[in-house]
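S.K.: here you go, sequence then predicted model.
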Amino acid sequence: MSEGPSLMHWVSVAGAIVDDQNRVLAIRRRDNHHWEPPGGILEPGESIHDGLIREIKEETDLTVRPTALSGVYKNMTRGIVALVFKCETVSGQPSPTHEAAEVRFLTSNEITQLMDQAYACRLLDALQPGVAIRSHDGVALID
């Protein structure tokens with residue numbers, strides 16, 4: 001089997017941090033101003049959990065512990081597979097960072113209003129039992 005651009009995939013990780021009011025933490029990115037779950041692309045040689053903890057710290061100033069996988073999502077357009085984990089806070093307070101202009105807990109309705117469907121489902125799925133597996137085009141879900 002030959003390797004080439006058509007076989008390349010990126011792996012991203014994101015965290016779903018739920019507060020005691022059943023709201024989920026989200027960030028508004030500085031680069032594109034979109035609301036998304038905190039997370040990002042794994043670095044070469046980095047473990048999944050280490051990358052998740054690093055990305056959430058960089059974007060929210062929180063130290064977290066992953067507790068369960070809540071979803072697997074594939075961007076069919078860009079070849080990115082995203083793993084989303086339910087996380088609990090170990091230390092810190094959510095605050096803006098050099099990567100996130102705004103960090104706040106959102107209700108389900110706010111998630112639906114502020115995020116593209118491809119990102120909203122990642123946080124909404126984390127509020128449900130089980131592990132979701134979905135595909136999208138970068139904006140909307142693909143059935």
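M.R.: Nice, I can see it.

S.K.: so which bits of the longest helix along the chain are buried?
M.R.: In the chain, taking DSSP state H as the definition, the longest helix is helix 48-60. By neighbour count on 16 or more other Cβ atoms under 10 Å, the buried set for helix 48-60 is 51-57, 59-60. Placement of C-beta: from N, CA and C, glycine included.

S.K.: what sits up against it?
M.R.: Contacting residues not belonging to helix 48-60 are listed as 11, 13-15, 17, 25, 27, 38-40, 42-43, 46, 62-66, 83, 85, 87, 92, 94-95, 97-100, 103 [Cβ atoms under 8 Å, 6 or more residues apart in numbering].

S.K.: what do you get for stretch 120-138?
M.R.: With Cβ under 8 Å, 6+ apart as the test, stretch 120-138 has contacts from 14, 16, 18, 22, 24, 26, 37, 69-78, 82, 84, 86, 106, 108, 111-112, 114-118, 141-142.

S.K.: list the residues that contact E36.
M.R.: E36 neighbours (Cβ under 8 Å, 6+ apart): 14, 26-27, 29, 115, 119.

S.K.: typo on my end, it should be R29
M.R.: Taking Cβ under 8 Å, 6+ apart, we find R29 in contact with 35-36, 99-101.

S.K.: reformat those residues as JSON lines; add pLDDT and distance to P129.
M.R.: Putting the contacts of R29 into JSON lines (pLDDT from 0 to 100; distance: Cβ to Cβ, whole Å) gives the following:
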{"residue": "W35", "pLDDT": "98", "distance to P129": "24"}
{"residue": "E36", "pLDDT": "98", "distance to P129": "23"}
{"residue": "E99", "pLDDT": "96", "distance to P129": "31"}
{"residue": "A100", "pLDDT": "98", "distance to P129": "29"}
{"residue": "A101", "pLDDT": "98", "distance to P129": "33"}
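
S.K.: report the buried members of the residues you listed.
M.R.: Among the contacts of R29, those scoring as buried are 35-36, 99-100 (criterion: 16+ other Cβ under 10 Å).

S.K.: biggest separation within those residues, which pair?
M.R.: The most widely separated members of the buried ones among the contacts of R29 are W35 and E99, with 13.3 Å between them, by Cβ to Cβ.
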